[in-house]
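Peer 1: structure for this input, please:
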Amino acid sequence: MAALSAPLSALANTAETASPAQPALPAPPVENPIRIGLGVGLTSAAISAPAGLTLVAGDQVVGQFGPGEAVNVTLNGGALQVTGLEEPLLPPVRLVPAGEPGATAIGYKGKSYRGEIELVLSTKSGKLSVVNLVSMEEYLFGVVPHEMPSGWPLEALKAQAVAARTYATVNRGKYKADGFDLVDTNMDQAYGGIASEAASTTQAVQETRGMVLTYGGAVVTAYYHSSSGGHTENNENVWSGPAQPYLRGVPDFDQVEGNTRYSWKYSFTVGEFAERLKRSGYDIGSVQSVLPAGTLGVSGRPSQWAIQGSSGKMTLTAYQFRMALDLPSAPRTTQFRSEGVVTTIVTQTTNPATVHAVGAGGVVTARPATPVTVVTAAGTTTLSETRPVYVVGASGTVAVNPVTVTVEKPGPAQPSGVEIAGGGYGHAVGLSQWGANGMARQGKSFTEILTHFYTGIKVETR
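Peer 2: Predicted structure coming up:
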């Protein structure tokens, strides 16, 4: 690190009059960057840049680091101690990569990002957040290929780009207390930085630059998912809250080659079923029945499920039911497997005159009604016969005396397992990504795709 001659005010970040030798203050990466949380709740961090970077506290440059040189930061008493600097710094602190804006990269945890990184303190936890400040369009360069395969049709990719931009726009400030807008995972939108970018998805972002979805003049919450299994769902049938007019269920076009989750079926034993419910906080003992409840959604999925157990009854929303069982989407049907309880009656026969057989090895030919197991020296044979049972050896003589006869009688049916069937992957609200793929294959434009999956919206440039 290059040491600078200008002194620091340790905990106030108060600017001193810069010496003539001090480097110029770097400009922000963009006028209104989106802030992406790459790390939250931290006590330390290490940042580097291939071309080197500048460390800025307040409005003063406090250090410069060479190509690939790491800035190691530790949180101590609400201030940041940077290796190589004597005085601690009060967040926020900027780390700006060297080079022209838009052509630089900065690294954190093995990934490279456009823009710059800022270290801030969470007002909620008092811990450190690592935040990527980047333009909206460059952020989307790293989002779209994570959310949709880059080899899919361009019109589908463009629909995804507009949906992702809309989601990011309406959710600015979602994590304000932690110092950023969105996280970089599928809790919001998966964001992989520079390494995940692809030419086709970058083209999709550039050709839809600034475009968002609006309803009644306001930017909408553009939910999207992988696949609905034939029909998307109204938002109020999936989550609590009022019905949104633009989030109406519509026919999907996701029955496309490669969509392995268009339909699915899972089987659980009753024990596995009950244990998964219990782990999610729904302990009702041994499960006795699972029945649809509430209204039937427009996609054919029940909006609720009533579960009867040995300890009581509970009604779960379709979303709660799906998450508790870790299903790809909310199910359409459930069915119990049942098996009879077998009652076993054992009798002992000692009279050779009542025990006969036919053929070598104790092979039995008689097959009347009730299942019977005959145990002889030759082994065990099951037939449908009550007493008398005939067992004959190779020479036509009695094989064993005595013979134990076990008679099994079926009892009342008891549940042994649960089979759950459905289709799709995800919450089934808004844009279906596989459906966008299917519509694009049919020659539909990205605006036709978006206006199909979001009812009554407009595609506008903001």
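
Peer 1: who touches stretch 48-57?
Peer 2: 8, 13, 23, 25-26, 47, 61-71, 82, 89-90, 93-99, 104-107, 112 (CB atoms under 8 Å, 6 or more residues apart in numbering). Heads up, the C-betas are built off the backbone N, CA and C, glycines and all.

Peer 1: buried subset of the residues you listed as a PyMOL selection?
Peer 2: Command for PyMOL that selects the buried part of these, burial taken from 16 or more other CB atoms under 10 Å:
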select buried, resi 8+13+26+47+61+62+63+64+65+71+82+89+90+93+94+95+96+97+98+104+105+106+107+112
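
Peer 1: out of the contacts of stretch 48-57, which are inside helices?
Peer 2: Among those, none falls in helices (DSSP state H).

Peer 1: check the residue nearest to the spatial centre of the chain and give its pLDDT.
Peer 2: Nearest to the mean C-alpha position of the chain, by CA atoms, centre = their mean, lies Asn186 at 6.9 Å. Note for Asn186: predicted pLDDT of 91.

Peer 1: and it, how far from Ser226?
Peer 2: Between Asn186 and Ser226 the distance is 11 Å, computed by CB to CB, to the nearest Å.

Peer 1: what do these two both touch?
Peer 2: By CB under 8 Å, 6+ apart, no residue touches both Asn186 and Ser226.

Peer 1: wait, His146 sits on Gly193?
Peer 2: No: His146 is not in contact with Gly193 according to CB atoms under 8 Å; the separation is 9.7 Å.

Peer 1: just to revisit the earlier point, among the contacts of stretch 48-57, which lie within strands?
Peer 2: Judged by DSSP state E, the subset of the contacts of stretch 48-57 located in strands is 47, 61-65, 71, 82, 93-97, 106-107, 112.

Peer 1: show me what contacts Ala164?
Peer 2: Contacts of Ala164 by CB under 8 Å, 6+ apart are 140, 143-144, 147, 189, 222, 224.

Peer 1: now the strands for the stretch 201-350 of the chain?
Peer 2: Applying DSSP state E, counting those that start in this stretch to the stretch 201-350 of the chain gives strands spanning 211-215, 218-219, 224-225, 264-269, 287-296, 302-309, 312-317, 333-349.

Peer 1: most tightly packed of those?
Peer 2: strand 224-225 (a mean of 24; mean count of other CB atoms under 10 Å).

Peer 1: rewinding a little: which residue of His146 and Gly193 possesses the greater neighbour count?
Peer 2: Gly193 (27 against 20; other CB atoms under 10 Å).

Peer 1: so what's that one up against?
Peer 2: 111-114, 132, 142.

Peer 1: what mean pLDDT does stretch 433-445 have?
Peer 2: 98.

Peer 1: give me the buried positions along it.
Peer 2: Applying 16+ other CB under 10 Å to stretch 433-445 flags 433-440, 444 as buried.

Peer 1: shaky segments in the stretch 101-250 of the chain?
Peer 2: Regions of the stretch 101-250 of the chain meeting the criterion pLDDT under 70 cover residues 101-102.

Peer 1: helices along the stretch 101-250 of the chain, start to end?
Peer 2: 136-141, 144-147, 154-170, 199-207 (DSSP state H, counting those that start in this stretch).

Peer 1: how about these in CSV, adding distance to Ser329?
Peer 2: CSV is the format used below for these (distance: least, CB to CB, whole Å):
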stretch, distance to Ser329
helix 136-141, 26
helix 144-147, 17
helix 154-170, 19
helix 199-207, 25
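
Peer 1: for Asn76, find the nearest of those helices.
Peer 2: When the helices of the stretch 101-250 of the chain are ranked by distance to Asn76, counting by CB to CB, first place goes to helix 136-141 at 31.4 Å.

Peer 1: list the helices and strands the closest one packs on?
Peer 2: Counting contacts by 3 or more CB pairs under 8 Å, 6 or more residues apart in numbering; DSSP states H and E, helix 136-141 packs against strand 34-42, helix 154-170, helix 199-207.
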